[in-house]
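>>> Okay, predicted coordinates and the sequence, questions at the end:
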Amino acid sequence: VVTDTPTDTSAPETEIPETDAPETEKKPEVDRLDYKITVKDDTYVYNNDGSVDYSDKNFGKETDLHIKSNKNALTRYTYLKFDISSLVGDGDFTAVELDLMLKSKQSMPGNPEYATVAIYCVSPDGWDETSVNYNNRPEYVDLVAIRDDIKTPGTVFSFPITDYVRQAIKNGDREVAFYI
């Protein structure tokens with residue numbers, strides 16, 4: 001979600017009755033505009049679970065995306081790619097957020113009540129949702145956003161990614177990609 005504040009904030013002049021109150025400048029109200037950028041590529045990758053090797057399998061046709069980090073294997077990472085060319089040259093937006101909905105949360109013995117979800121940037125080049133798998137996945141570069149309060153299924157969680165998108169636009173990038 002990209003939030004933009006219009007640059008033309010002029011409001012029609014209105015006549016204000018005279019009073020003895022001190023003059024104050026009345027600023028016009030500005031509506032918040034939200035633009036939604038649809039994901040271009042979305043998939044997840046799955047490693048070898050010890051009994052079945054998923055590391056060469058592509059999950060690009062799946063409708064749900066999975067994330068799971070487990071030191072005992074069964075790790076799944078989600079990859080998202082967005083075309084930001086409609087924002088290139090603009091950069092005059094207020095905020096950019098990556099909204100993710102938690103569909104379900106697996107409870108296991110020893111798991112904390114809240115899950116932590118981290119968003120990292122990856123190169124958007126050389127992969128798409130139909131070709132990436134665990135063995136050829138792009139490696140993450142830098143942490144972009146993190147939340148440690150992920151709990152309730154059905155809830156949308158927003159991750160602030162404004163600075164990262166602004167820098168990508170400044171660098172002339174037309175796409176951004178994330179690893180979750």
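It's in. Here the structure is a predicted model, which means the values were calculated and not measured. Numbering: from 1, shown residues only.

>>> Tell me where this protein is predicted with low confidence.
The model of the chain has pLDDT under 70 over residues 1-34, 49, 70-73, 88-91, 105-112.

>>> one more time with 80, if that's ok
1-36, 48-52, 64-74, 88-93, 102-115, 151-153 (pLDDT under 80).

>>> Going along the chain, name the helices of it.
Using DSSP state H, the helices of the chain run over 162-170.

>>> just the strands in it please.
Secondary structure of the chain by DSSP state E: the strands cover 2-4, 33-35, 39-46, 76-83, 95-101, 115-122, 143-150, 156-160, 175-179.

>>> Return the fourth one as CSV; C-alpha atoms alone will do.
Only the C-alpha atoms of strand 76-83 are listed here, as CSV (Å, rounded to 0.1, in the frame of the first residue of the first chain):
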residue,chain,number,x,y,z
ARG,A,76,9.9,-22.4,4.1
TYR,A,77,10.6,-18.9,2.8
THR,A,78,8.3,-16.7,0.8
TYR,A,79,9.5,-14.5,-2.0
LEU,A,80,7.5,-11.5,-3.3
LYS,A,81,8.3,-9.2,-6.3
PHE,A,82,6.6,-5.9,-7.1
ASP,A,83,6.7,-3.6,-10.1
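
>>> Output the contacting helices and strands for it.
The contact analysis (3 or more C-beta pairs under 8 Å, 6 or more residues apart in numbering; DSSP states H and E) places strand 76-83 against strand 39-46, strand 175-179. For glycine as for every other residue, the C-beta is placed from the backbone atoms N, C-alpha and C.

>>> who touches the longest one?
Under the criterion C-beta atoms under 8 Å, 6 or more residues apart in numbering, residues 54-55, 57-60, 62, 65-67, 74-83, 127-130, 132-134, 137, 175, 177 lie in contact with strand 39-46.

>>> ok so, going back, closest to F159 out of the helices and strands packed on strand 76-83?
Among the helices and strands packed on strand 76-83, the nearest to F159 by C-beta to C-beta is strand 175-179 (8.9 Å).

>>> what number of residues lie near E113?
8 (other C-beta atoms under 10 Å).

>>> Now the residue nearest to it when sequence neighbours are not counted: phi and psi?
Counting by C-beta to C-beta, 6 or more residues apart in numbering, K151 is the residue found nearest to E113 once chain neighbours are left out, at 6.5 Å. The phi/psi pair for K151 (degrees, to the nearest 10) reads phi -140, psi -60.

>>> Since that was my last question, I'll sign off now.
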